[in-house]
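Peer 1: Sequence first, predicted coordinates after that:
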Amino acid sequence: MPSSEFVALFIMKKILALCLLTICFNSFAQPNEKQMGAWYMLFWDWNPEKSALGLQGDYQLRNWNLGGDLEQLLLRTGITYRPKNAKIKFTLGYGHITTGAFRIDNNDKTYESRIYQEAIFPNKIGERFNLTHRFRYEQRFVENQDFRSRYRYNLFLNVPLNSMQMEKSTLYLALYNELFINGERNIGQGRSVEIFDRSRTYGALGYYLNNSSKIQLGAMHQITDTWEKTQVQLSFHWQL
């Protein structure tokens, strides 16, 4: 009988092949804003063993299509604090975001500096359901726009499929839903936005390469007050 690790890798390969096939068909379709995009992401977290302080970051290349038509380049790094004997992590960070206009032949870009504070804490339901709550407050300085802020809440759920624990060789289901709320409605130049900014719903399969790194492949559907779009997402998560 094949091992659980062999089965997990086999399933991951099949899903990867299916996603790549879907992307290829999509890439030959007539370009439009609802065309499936692709996000490639690196998340890392560094926590010195005997210190409450650490660092974390994420770097994301987001495309309107499979690649080449830049939607966003997001570079974000923060200082973390973990209180002793408490399952919570606080972060103070900074992000720089370059946003590209839709279509390859349009090179217009907008730049944003973003400061953020967040609190993240886990809890577990039963043996398999691993929940994580993340609250984030952002202060946004967008080029040629008034100051903006935004509130975000994300609920993550990871469910191991071939073992009881999230450990090496574990295949798991990764889900989340995130809600974005605008702090201000006036964004400059006589423009305004709704209180609701957007929501994101995500589903993926993940695989623990070892106890400090994992990979996820899935899709995220994003809805704003004016448009909606689906992105294939490939992410690597690294615990330093």
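Peer 2: Arrived safely.
Peer 1: Pull up the pairing partners for the longest strand along the chain, direction included.
Peer 2: Counting residues, the longest strand found in the chain (DSSP state E) is strand 109-125. For strand 109-125, the pairing partners within the sheet under DSSP bridges are strand 89-100 (antiparallel), strand 129-142 (antiparallel).
Peer 1: From the chain's centroid, how far away is whatever helix or strand comes next after the last one?
Peer 2: Going back to what we said before, that points to strand 129-142. Going down the chain from strand 129-142, the next helix or strand is strand 148-160, by DSSP states H and E. Relative to the centre of its chain, strand 148-160 is centred 9 Å away, using Cα atoms, centre = their mean, to the nearest Å.
Peer 1: From the rest of the structure, what touches strand 148-160?
Peer 2: Contacts to strand 148-160, defined as Cβ atoms under 8 Å, 6 or more residues apart in numbering, come from residues 128-142, 166, 170-184, 187, 197, 206. Just so you know, the C-beta spots here come from the backbone N, C-alpha and C atoms, and that holds for glycine as well.
Peer 1: tell me the centre residue of the protein?
Peer 2: residue 41 (7.4 Å; Cα atoms, centre = their mean).
Peer 1: The residue lying closest to that one once chain neighbours are set aside: what's it in contact with?
Peer 2: Excluding the flanking residues, the one nearest residue 41 by Cβ to Cβ, 6 or more residues apart in numbering is residue 235, at 4.1 Å. The contact partners of residue 235, by Cβ under 8 Å, 6+ apart, come to 39, 40, 41, 42, 43, 215, 216.
Peer 1: ok so, going back, out of the strands paired with strand 109-125, deepest packed?
Peer 2: strand 89-100 (a mean of 17; mean count of other Cβ atoms under 10 Å).
Peer 1: and that one, how far from the chain's centre?
Peer 2: Its chain's average C-alpha position is 12 Å from that of strand 89-100, according to Cα atoms, centre = their mean.
Peer 1: With stretch 64-74 instead?
Peer 2: Using Cα atoms, centre = their mean, the offset of stretch 64-74 from its chain centre is 15 Å.
Peer 1: tell me which residues of that stretch are tucked away?
Peer 2: Residues of stretch 64-74 classed as buried: 64, 65, 66, 69, 70, 71, 72, 73, 74 (neighbour count, 16 or more other Cβ atoms under 10 Å).
Peer 1: cool, stretch 162-181 as well?
Peer 2: 163, 166, 169, 170, 171, 172, 174, 176, 178, 180.
Peer 1: Cool, thanks, talk later.
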